[in-house]
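Student: turn this into a structure:
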Amino acid sequence: MAIGESIAYAFFPIVLLGIIKINHSDKFGFLLLGLSMGLLVNTHILTFLYAVFIVILFIIYLFLFDRKHLLDKLIQIIKSSIVAIFLGMYTIYNLVHMITNNHIEEPFKSIIALSPSGVFMSTINNEIGEHGAQKLEYGLTCDIVSYSFGDILFW
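Tutor: Next up, the predicted model:
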């Protein structure tokens, strides 16, 4: 487990506490939710996406079961979103910058004909390596392990 993920799991209950505070109409509940969401953005993006999913479920709950206080609670969620965006701006900016300026070339995609005799010989010789496009070399050991445990792992 990575250190960012561990720290994010410490902030995740604060997201739930912020949602509970907003549901109980606490006027500073948006700060708890916004601070915890901003900290989640800065520590672990995937955990942040889980928290966003939980907030979306809370909004659906509000639409279905609590229409009387819907507007006040939605305003608090919007305020918490603004706080989270300002806190997570450093990570959000860097993430968007890396995605938009990524110039990694993709590998060439084509169908390559394999020589059955070359594959068979490299399997018998227990060769694992990269010798060009004409050989698919797993080696005899890898073949035996994959054939033996393949039905157990992928039943």
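
Student: would you map the helices across the chain?
Tutor: 3-23, 29-43, 45-65, 70-87, 89-100, 116-124, 140-153 (DSSP state H).

Student: dump those helices into TSV; add mean pLDDT and mean neighbour count as well.
Tutor: Backbone N, C-alpha and C define where each C-beta goes, glycine included. Compiled in TSV, those are given as follows (pLDDT from 0 to 100; neighbours: other C-beta atoms under 10 Å):
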stretch	mean pLDDT	mean neighbour count
helix 3-23	92	17
helix 29-43	94	23
helix 45-65	93	15
helix 70-87	94	17
helix 89-100	90	11
helix 116-124	73	13
helix 140-153	63	10
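
Student: which residues touch Lys21?
Tutor: Listed by C-beta atoms under 8 Å, 6 or more residues apart in numbering, the contact set of Lys21 reads 28-29, 32-33.

Student: let me redo that: Val15
Tutor: Per C-beta under 8 Å, 6+ apart, neighbours of Val15: 33, 36-37, 40, 51, 54-55.

Student: of the residues you listed, which is the nearest to Asn102?
Tutor: Distance to Asn102, by C-beta to C-beta, is smallest for Leu40 among the contacts of Val15, at 23.7 Å.

Student: you'd agree that closest one is up against Pro13?
Tutor: No: contact between Leu40 and Pro13 fails when scored by C-beta atoms under 8 Å: they sit 11.3 Å apart.

Student: gap between Glu127 and Asn102?
Tutor: Glu127 sits 35 Å away from Asn102, going by C-beta to C-beta, to the nearest Å.

Student: show me which of those two is the more surrounded one.
Tutor: Glu127 (14 against 7; other C-beta atoms under 10 Å).

Student: most remote residue from the middle of the protein, which is it?
Tutor: Ser117 (42.3 Å; C-alpha atoms, centre = their mean).
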